[in-house]
Structure formats: C-alpha cells, structure tokens
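Colleague: model this:
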Amino acid sequence: MCDSLVAIGAETAEGATLFAKNSDRKAGECQPFVQFPETMHPPRSVLRCTYVEIPQVAETYRVMGHSPWWVWGFEHGVNEHGVAIGNQAVFSKEPIEERPGLIGMDLVRLGLERGRDAREALEVIAALIETHGQGGPALAPGGAGYHNAFLLADPREAWLLETSNRRWAARRVRLGSASNHHCLGSDWEIGSRDLETFARSEGWWRGAGRIDVAAAYRNPNVPPRISEGRRRRSDALLRAGRGRHDLESMQRILRDHLDGGIAWQPGPTPADERYFTLCAHSEPVHWTTASLLAPLPAERGAPWPVWISFGTPCTGIFLPVYLDGVIPAALARGSESPDADSAWWVLKGLQDAASADPVRHTPVLREGWADLEERVEAERLRAETAARRAAVAGDRDRAASIVTELMVSTAEQALKRAEALRARIA
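Modeller: Numbering: from 1, shown residues only. As a prediction, this is how the structure comes out:
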C-alpha cells in the first residue's frame with residue numbers, strides 16, 4: 001500500500017524540499033536499507049530486475065533505499081542528484097498484464113539510477129512502462145501484482161505520476177500526497193499518447209472535455225476506505241503546516257494515528273475507514289514496515305542526511321544515513337527469517353512487543369527514545385560540520401569516513417536501546 005508526501009522548498013521552514021514516505025506492506029516482510037555506487041556499464045549490457053531483463057544504460061547514479069528482501073528494486077529512496085522517489089499501489093479497471101514485467105519497486109530504483117532530476121526520472125519510468133509493462137507478483141513472492149503511482153521530488157520541484165499498465169499521466173505538485181488510488185483529474189499536464197483513446201475505446205470516458213484520469217481508470221471495486229481517508233488526513237496535515245514544515249512536522253505525519261496521536265488505538269475493523277491510519281497497523285491489509293524522510297538540498301557539495309526508520313515509526317527511531325558514506329551492515333542486512341544482527345528485525349521485535357498494549361507501551365517507547373534522539377542530533381551536527389570542512393578542502397574520502405563512523409555509531413546505539421526498551425515493556 002503506502003503513502004508518500006512532499007513539500008517543495010517554498011512550503012518548508014528552511015526552504016529545502018521535504019520528501020517522506022511510509023512503506024506499507026505485510027507485517028513480517030523485512031526491508032533492509034541498501035545502497036549501490038555510481039557505475040559505468042559496457043555497451044550492450046543487460047540488467048536483471050526482479051522478473052525481467054532490460055537493456056542497461058551507459059551510466060547509473062549512486063542510490064540508496066529500502067528494499068524488501070526478495071526484490072531487486074526500492075520501495076523508496078534517493079540518488080546523488082537529490083532526487084527522491086516513492087511508489088504506491090493503485091488499482092485500475094484495466095487488468096494487470098499476465099506476463100512478467102517491471103514491478104513498481106524496480107521502477108523506483110531505475111528512476112533513481114537514471115534520473116538527474118524529478119522530471120527526467122519521471123520520463124525514465126514512463127518510457128520503461130511503455131516498453132516493458134508492469135507485471136508479476138509485487139506484494140510477496142507468488143502473490144498479486146498491481147499498477148503503480150509515483151511521487152518524485154528534487155530540490156526544485158515534485159511530480160505525481162499515475163499509471164495503468166502501459167499508460168500514464170502526471171502533473172506537478174507543490175504540497176501534497178499520494179496514496180492507493182488514482183486521484184489525477186483533468187488537471188494532468190503530460191501523459192501517454194493513448195491515455196484518452198484507450199479509455200474511450202473501453203467506454204470508460206465519454207465526456208467531450210479533457211479526460212479525468214481518476215474517473216476513467218479507477219477501479220470502483222476496490223474499497224475507498226483503504227486509502228481515501230489516509231490521503232485526506234495527510235493533505236490536511238500538510239496544509240495545516242504549509243510554509244513551516246520541517247523534519248519534526250513530517251515525522252509527526254508519518255507517525256499519525258488520527259485521534260490516537262502517537263499511539264495506535266486498536267478497535268475499528270477493516271470495514272471502518274479509521275482502521276487505515278497513516279502509520280499503518282492494518283492487519284491483514286498492511287503494516288508500515290519502513291519509512292524515509294529526505295530533505296533535498298540544492299547544494300550537495302558536502303554529505304547531506306536522509307532519515308530512515310524500520311518497522312512502524314511510532315515505535316522506532318529515525319536515524320540519519322548518507323549516500324557519501326557506507327551504510328552499516330546492520331541496516332543493510334535483511335532476510336525472510338528473524339535475524340538478531342538485522343536492524344529491521346530488531347525494530348520489528350520491539351514493534352511486536354509494543355503491539356500487545358500500544359496505548360500503554362507507545363508513550364514509554366517515545367520517552368525511552370527521546371534522550372538518544374537528542375544525542376544523535378548533537379553527534380550528527382558535529383559530524384556534518386567536520387565532513388563539510390573536509391569536503392571543502394577537497395578530501396572527499398575523509399568526509400565519507402566521518403559520516404560512515406557516525407552511521408555505525410548511531411546504528412549501534414539504536415539497536416542497544418531497542419533491546420533495552422523491549423525488555424522494559426515485556
């Protein structure tokens with residue numbers, strides 16, 4: 001499932017675009033955080049994605065993101081040019097193609113590896129779905145596939161891209177969100193050549209005016225309660241803070257449980273829209289399994305932080321990570337089975353313990369993380385100052401080493417604290 005959010009620079013307190021996403025999937029699906037270097041590829045190289053092979057390009061950019069343990073691509077991530085992308089399932093009247101193609105997570109990583117800004121990444125993804133289609137299990141190995149929407153951002157602008165098999169439409173966004181349904185009306189700016197003709201041929205659009213994408217393509221058989229309430233809520237929270245958004249306000253949105261605030265309150269059933277909160281605890285439909293919050297600075301001459309969380313963000317901690325450094329093994333480690341050396345599985349264990357009584361346990365966890373969050377912030381500011389100094393002096397290796405040491409230290413502290421908190425609420 002998933003929710004993505006964006007506030008471009010004019011809508012934020014410090015003038016930097018803020019991109020955020022909760023990745024909502026099956027509760028036990030491990031999502032490590034991994035990175036890949038920039039690479040030059042030989043002519044006629046072939047790339048193996050999750051299900052299909054496609055031609056490789058001459059150059060791919062440095063990227064990092066959360067990746068479900070069994071797929072090639074990312075749920076969300078960033079690249080060295082300050083581009084951030086997240087995807088979410090959307091459900092079209094058009095059946096998903098039966099033959100394998102690119103899944104949404106493949107397309108997120110491909111857009112990041114090949115796009116120097118949000119518009120170029122959008123064009124990369126659009127061209128790939130027109131050529132290779134979308135098909136194959138995407139919820140779990142052997143499970144169902146789905147069409148995708150993407151929120152793409154860079155330091156200057158953001159785009160919402162919605163698809164139906166090999167058709168697509170997109171428009172720019174200043175302050176907004178994306179959830180699990182088509183929501184583009186007739187306000188789309190660019191689209192595939194057959195977007196309107198196909199809908200008319202199927203009898204989905206008979207209007208004389210410009211096609212309304214959601215009215216034409218959205219599948220009426222998918223219950224609206226799953227995503228419409230979440231999108232209304234995220235849009236309302238974004239509007240309420242316009243011009244003032246910062247890391248803290250975006251983290252609050254990712255942790256939102258409606259009236260429950262920081263704590264999920266069990267009670268409603270899947271028949272109730274309130275069951276589907278932005279910080280998802282919505283078994284059997286989805287849980288939030290990883291989150292990302294990325295300030296996208298225009299100036300990237302020195303290492304810049306991206307914030308990540310494992311499991312539900314209400315029970316965990318956001319840690320700073322850097323493309324310039326080496327992601328610690330504990331953050332990048334993940335598999336199908338529980339692993340005491342994997343940050344994802346350790347934070348999943350804490351989440352499970354809190355779920356026994358979330359109203360009582362979640363405030364204990366938030367208080368238990370507070371002093372470590374302050375310490376991490378102080379360490380981050382010191383490390384970034386030293387790394388910036390090294391980068392300005394031309395010593396990029398030293399800058400990378402500084403942020404790598406910071407990531408290792410903060411990861412170790414977070415895992416140690418997670419185990420202590422789990423023991424406290426057990």
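Colleague: just the helices in this protein please.
Modeller: Taking DSSP state H, the helices of the chain run over residues 104-114, 118-132, 195-201, 213-217, 228-240, 247-254, 329-332, 343-354, 358-392, 396-425.
Colleague: contacts for the fourth one, please.
Modeller: If I follow you right, that is helix 213-217. With CB atoms under 8 Å, 6 or more residues apart in numbering as the test, helix 213-217 has contacts from 92-94, 162, 164, 167, 169, 181-186, 188, 191, 195, 199, 204-205. Every residue, glycine included, has its C-beta placed from N, CA and C.
Colleague: what do you get for the third one?
Modeller: Here helix 195-201 makes contact (CB under 8 Å, 6+ apart) with 167-169, 205-206, 210-211, 213, 216-217.
Colleague: farthest pair within those residues?
Modeller: Largest separation among the contacts of helix 195-201 by CB to CB: 168 and 206, giving 21.4 Å.
Colleague: and the spatially most central residue of the chain, what does it touch?
Modeller: By CA atoms, centre = their mean, the chain has its centre lying nearest to residue 76, at 3.4 Å. Taking CB under 8 Å, 6+ apart, we find residue 76 in contact with 4, 21, 23, 65-66, 84-87, 108, 290, 292.
Colleague: got the residues you listed as JSON lines, with pLDDT and distance to residue 157 columns?
Modeller: Shown next, in JSON lines, are these (pLDDT from 0 to 100; distance: CB to CB, whole Å):
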{"residue": "4", "pLDDT": "98", "distance to residue 157": "15"}
{"residue": "21", "pLDDT": "98", "distance to residue 157": "17"}
{"residue": "23", "pLDDT": "98", "distance to residue 157": "23"}
{"residue": "65", "pLDDT": "98", "distance to residue 157": "20"}
{"residue": "66", "pLDDT": "98", "distance to residue 157": "24"}
{"residue": "84", "pLDDT": "98", "distance to residue 157": "12"}
{"residue": "85", "pLDDT": "98", "distance to residue 157": "13"}
{"residue": "86", "pLDDT": "98", "distance to residue 157": "16"}
{"residue": "87", "pLDDT": "98", "distance to residue 157": "18"}
{"residue": "108", "pLDDT": "98", "distance to residue 157": "18"}
{"residue": "290", "pLDDT": "98", "distance to residue 157": "25"}
{"residue": "292", "pLDDT": "98", "distance to residue 157": "19"}
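Colleague: in JSON lines, list those residues along with neighbour count and distance to residue 99.
Modeller: Shown next, in JSON lines, are the contacts of residue 76 (neighbours: other CB atoms under 10 Å; distance: CB to CB, whole Å):
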{"residue": "4", "neighbour count": "28", "distance to residue 99": "28"}
{"residue": "21", "neighbour count": "31", "distance to residue 99": "29"}
{"residue": "23", "neighbour count": "30", "distance to residue 99": "26"}
{"residue": "65", "neighbour count": "29", "distance to residue 99": "26"}
{"residue": "66", "neighbour count": "27", "distance to residue 99": "27"}
{"residue": "84", "neighbour count": "32", "distance to residue 99": "30"}
{"residue": "85", "neighbour count": "33", "distance to residue 99": "25"}
{"residue": "86", "neighbour count": "30", "distance to residue 99": "26"}
{"residue": "87", "neighbour count": "31", "distance to residue 99": "20"}
{"residue": "108", "neighbour count": "29", "distance to residue 99": "21"}
{"residue": "290", "neighbour count": "31", "distance to residue 99": "29"}
{"residue": "292", "neighbour count": "29", "distance to residue 99": "31"}
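Colleague: so which of those is the closest to residue 39?
Modeller: Comparing the contacts of residue 76 against residue 39 with CB to CB picks out residue 65 as the nearest, at 16.0 Å.
Colleague: for that closest one, name its beta-bridge partners.
Modeller: residue 34, residue 77 (DSSP bridges).
Colleague: pretty sure it contacts residue 77?
Modeller: Yes: contact criterion CB atoms under 8 Å: residue 65 and residue 77 qualify, at 2.1 Å.
Colleague: mutual contacts of these two, please.
Modeller: Residues touching both residue 65 and residue 77 (CB under 8 Å, 6+ apart) are 108-109, 112, 292.
Colleague: circling back to that earlier point, out of the contacts of helix 213-217, which are buried?
Modeller: 92, 94, 162, 164, 167, 169, 181-184, 188, 191, 195, 199, 204-205 (16 or more other CB atoms under 10 Å).
Colleague: which stretches of the stretch 51-200 of the chain have low pLDDT?
Modeller: Under the criterion pLDDT under 70, no range of the stretch 51-200 of the chain is flagged.
Colleague: all strands of it, in order?
Modeller: Along the stretch 51-200 of the chain, counting by DSSP state E, counting those that start in this stretch, strands occupy 53-55, 59-60, 63-66, 76-79, 84-90, 147-153, 158-164, 167-173, 175-178, 190-191.
Colleague: and of these, who's closest to residue 131?
Modeller: Here strand 53-55 is closest among the strands of the stretch 51-200 of the chain (CB to CB), at 7.9 Å.
Colleague: and residue 172, what does it touch?
Modeller: By CB under 8 Å, 6+ apart, residue 172 lies in contact with 157-160, 189.
Colleague: which of the residues you listed are buried?
Modeller: Using 16+ other CB under 10 Å, the buried members of the contacts of residue 172 are 157-160.
Colleague: so how far is residue 359 from the most far-flung residue of the chain relative to its centre?
Modeller: Centroid-distance maximum for the chain: residue 208 at 37.1 Å, with CA atoms, centre = their mean. With distances taken as CB to CB, to the nearest Å, residue 208 is found 54 Å from residue 359.
Colleague: try residue 122
Modeller: Distance, residue 122 to residue 359, using CB to CB: 42 Å.
Colleague: report the rounded mean pLDDT for stretch 411-418.
Modeller: Averaging pLDDT along stretch 411-418 yields 98.
Colleague: in it, what's buried?
Modeller: By neighbour count on 16+ other CB under 10 Å, the buried set for stretch 411-418 is 411, 413-415, 417-418.
Colleague: so who does residue 305 touch?
Modeller: Contacts of residue 305 by CB under 8 Å, 6+ apart are 295, 320-322, 380, 384.
Colleague: for residue 145, same thing?
Modeller: Applying CB under 8 Å, 6+ apart, we find residue 145 in contact with 96, 103, 134-139.
Colleague: closest one of the residues you listed to residue 38?
Modeller: residue 103 (23.7 Å).
Colleague: check the gap between that closest one and residue 168 for me.
Modeller: 15 Å.
Colleague: still on that earlier bit, which one's more surrounded, residue 122 and residue 359?
Modeller: Counted by other CB atoms under 10 Å, residue 122 and residue 359 do not tie: residue 122 has more neighbours, with 22 against 12.
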